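Visitor: no FASTA, just this:
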């Protein structure tokens, strides 16, 4: 009985650590790719949405530079919402460049 309880406790601890590491990895990726992706979406948005998004993107970049990736991800998410989308959707999409 004790062995089963110990196994459950170990499994719960491992799951908790896995969940805690997930957002950190996503935040690192957000710092690397989100600003460019969000700015490309903002280029086609109306002026007010562009202004709000650019403010949050700039704040997010500053937070990334300060190594506060969790707060940076929040700012990038606010920028995405100002543009009418979600950060997860933005990060999942591929950016394409138009060639003329």
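Guide: Yes, it's here. Please read these numbers as outputs of a predicted model, since none were measured by experiment.
Visitor: ok, residue 29 - how many residues close by?
Guide: Burial of residue 29, expressed as a neighbour count using other Cβ atoms under 10 Å, amounts to 13. Quick note: C-beta positions are derived from backbone N, CA and C, even for glycine.
Visitor: oh sorry, the question was meant for residue 69
Guide: Neighbourhood size, residue 69 [other Cβ under 10 Å]: 21.
Visitor: My understanding was that it contacts residue 30; is that so?
Guide: Yes: if you go by Cβ atoms under 8 Å, residue 69 and residue 30 touch, sitting 7.2 Å apart.
Visitor: quick one: residue 84 from residue 77, how far?
Guide: Computed as Cβ to Cβ, to the nearest Å, the residue 84 to residue 77 distance reads 13 Å.
Visitor: Residue 64 now?
Guide: Residue 64 is 14 Å from residue 77, by Cβ to Cβ.
Visitor: so where's the protein shaky on pLDDT?
Guide: Flagging of the chain using pLDDT under 70 yields the residue ranges 1-27, 94-100.
Visitor: try 90 this time
Guide: The model of the chain has pLDDT under 90 over residues 1-30, 32, 89-100.
Visitor: Compare residue 84 and residue 77 and say which is more crowded by neighbours.
Guide: Each of residue 84 and residue 77 has its neighbours counted (other Cβ under 10 Å); residue 77 has more, 20 against 11.
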